[in-house]
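Trainee: I need the structure of the sequence given here:
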Amino acid sequence: MKLDPTKLDREKRIKILEKASEKIGKTELAKKIGVNVSTLYRYLNNNINNIPIDVVEKASDFLSIEELNDILYGLQVADINENTAISVIVKMKNDPAFRAFFLSLMKQFLGEYINDASTSYVVTKEDVEKFINYLKITKSYNTFSKYRNYFVKILADLNYTLTSEKLHDYILKEASISLGRAYQLSKILKLFIKEIIMPKNRSLARELYDSFKIMRVEKNYTPIQLSINILKDIFNAIEHPGAKAYFLLLVETGLRTGEVFNISIDQLDLTNRVIKVGKINKTKRAYITFLHEETVEYLKTHYLPFRENFIKINENRIINSPFLKDLNDWKIKLFPFDDFGIRNAIKEASRKVLGREFRLYDLRSFFASYMLKQGVSPLIVNLLQGRSSPSQFEILEKHYFVLSLEELREIYEKHAPKLLD
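Mentor: The predicted model follows:
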């Protein structure tokens, strides 16, 4: 459907951006339409009077004809079922005038799909729901969340249409950017084809399945050599406020990515500049870590106001999400965002600065190396990073560890990496 944005009022332009954001995520949409995330938020919050025509045109590319019709004309076509389709076919057969009219519409709007129908598969809403339910049942929660996010990216990138050529080229393109991501995407595509398309169309599914290979990642990975100056440049290049704060804490605490992402507000003590991780399991213990004064000030003035506004804006959407377990658990998260989105924002900044991506887990190695080069005892580094096992920590605590929290804080403030001056 060819859209003429010049005839759209501001309300309809915002609705197009909102619908596109729901489908591919705000971070991805901002990149696709050529604006930064903060500008997109201002469009969505109606804080900018004039939304450029080219922005609306690019966003509309991610919407189907039905979705655009619903926004522009209020036509509800989602309830059309198989019986309605059969009725249309019968009327076409018996009414030559209607047949000519309907076929002209088909050619105008769906000619490309009709020509490619024998070699392409259009992913339906039912397919998406069925596959997500399959993942929810068969995968752990963390794996399910990761696979779901990658699956949404795949559908957005391929515009919900799968062909052998598109799949082959898509995986090769992703592999040229990141072998790790191509590995995940190819695995999920193979699974979707096997579980959803194969029962419906075996011959087409086999053609799609064989059109690409699962990209394997080299096991011997060498962490990238990072410096404090490089990390400062990456930090300054990150556009998403949530990703910026997340990256800041990863660099300056050396904690695991999951530990930082799952921090709750009540674990963050800004008055005493402490994060009380307090995580214990069979192999890991993260006890406590600290924050620099500049970091606390940054969180207070830049990040936390953004976070509060984000929660207010998205609370209704989150309430209706089928993936939400508990609203309060989401509201108290220090980072109430999609993990996939903020990781992408960091990777995009890394590509701008370094010309490539790196594993966020490498920041943990950087913290340890940085502290050790400063002459900090390995015992202290292990303690701050939660690397000591519970039994080792108990021995350290009972027999050797005689530092007070203030003394430990002094070591941190003097030697820990610092991104803000």
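
Trainee: low pLDDT regions in the stretch 151-300 of the chain?
Mentor: Applying pLDDT under 70 to the stretch 151-300 of the chain flags residues 217-223, 278-287.

Trainee: show me where it has strands.
Mentor: Here the stretch 151-300 of the chain has its strands, by DSSP state E, counting those that start in this stretch, at 161-163, 268-269, 274-275, 279-280, 285-286, 289-290.

Trainee: what lines up beside the first one in the sheet?
Mentor: The partner list of strand 161-163 in its sheet, established with DSSP bridges, is strand 120-122 (antiparallel).

Trainee: which is the next helix or strand following the strand it pairs with?
Mentor: helix 125-138 (DSSP states H and E).

Trainee: quick one: mean pLDDT over that following helix.
Mentor: What helix 125-138 shows for mean pLDDT is 92.

Trainee: show me what it is packed against.
Mentor: If you count contacts as 3 or more CB pairs under 8 Å, 6 or more residues apart in numbering; DSSP states H and E, helix 125-138 packs onto helix 141-158. All C-beta atoms are positioned from the backbone trio N, CA, C, and that covers glycine.

Trainee: what comes up buried for the helix it packs on?
Mentor: For helix 141-158, a neighbour-count test (16 or more other CB atoms under 10 Å) marks 144-157 as buried.

Trainee: what's the angle between it and helix 125-138?
Mentor: Angle, helix 141-158 to helix 125-138, by axes from the mean of the first three to the mean of the last three CA atoms, to 10 degrees: 160 degrees.

Trainee: what comes into contact with helix 141-158?
Mentor: 23-25, 28, 62, 123, 128, 131-132, 135-136, 139, 166-167, 170, 184-185, 188-189, 192, 323, 338-341 (CB atoms under 8 Å, 6 or more residues apart in numbering).

Trainee: Ala20 and Glu11, how far apart?
Mentor: 15 Å (CB to CB, to the nearest Å).

Trainee: the more surrounded of those two?
Mentor: Ala20 (25 against 9; other CB atoms under 10 Å).

Trainee: roughly how far is stretch 177-184 from the heart of the chain?
Mentor: In terms of CA atoms, centre = their mean, to the nearest Å, the centre of stretch 177-184 is set 15 Å apart from its chain centre.

Trainee: CA atoms only: put it into PDB for me.
Mentor: In PDB, the C-alpha atoms belonging to stretch 177-184 read as follows (Å, rounded to 0.1, in the frame of the first residue of the first chain):
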ATOM      1  CA  ILE A 177      28.600  -8.500  11.200                       C
ATOM      2  CA  SER A 178      28.600 -11.000  14.000                       C
ATOM      3  CA  LEU A 179      29.100 -14.800  13.900                       C
ATOM      4  CA  GLY A 180      27.600 -15.200  17.300                       C
ATOM      5  CA  ARG A 181      24.400 -13.400  16.400                       C
ATOM      6  CA  ALA A 182      24.200 -15.300  13.000                       C
ATOM      7  CA  TYR A 183      24.600 -18.500  15.000                       C
ATOM      8  CA  GLN A 184      21.600 -17.600  17.200                       C
END
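
Trainee: quick one: buried residues of stretch 305-319?
Mentor: Neighbour-count burial for stretch 305-319 [16+ other CB under 10 Å]: Phe306, Arg307.

Trainee: likewise for stretch 184-191?
Mentor: Buried-residue list, stretch 184-191, by 16+ other CB under 10 Å: Gln184, Leu185, Ser186, Ile188, Leu189, Lys190, Leu191.

Trainee: so how far is Asp70 from the closest residue to Ser120 other than its chain neighbours?
Mentor: In space, and not counting its chain neighbours, Ser120 is closest to Thr163: 4.5 Å by CB to CB, 6 or more residues apart in numbering. Computed as CB to CB, the Thr163 to Asp70 distance reads 27 Å.

Trainee: swap in Ile33?
Mentor: 20 Å.

Trainee: between these two, which one's more packed in?
Mentor: Ile33 (22 against 17).

Trainee: that one: what's it in contact with?
Mentor: Leu40, Asp54, Val55, Lys58, Ala59.

Trainee: would you turn those into a markdown table with pLDDT, neighbour count and secondary structure?
Mentor: Below are the contacts of Ile33 laid out as a markdown table (pLDDT from 0 to 100; neighbours: other CB atoms under 10 Å; DSSP: H, G, I helix; E, B strand; the rest coil):
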| residue | pLDDT | neighbour count | secondary structure |
| --- | --- | --- | --- |
| Leu40 | 89 | 22 | helix |
| Asp54 | 85 | 11 | helix |
| Val55 | 88 | 21 | helix |
| Lys58 | 87 | 18 | helix |
| Ala59 | 87 | 26 | helix |
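
Trainee: which pair of those spans the longest distance?
Mentor: By the measure CB to CB, Leu40 and Asp54 form the most distant pair in those, at 13.9 Å.

Trainee: I'm done for today, thanks for sticking with me.
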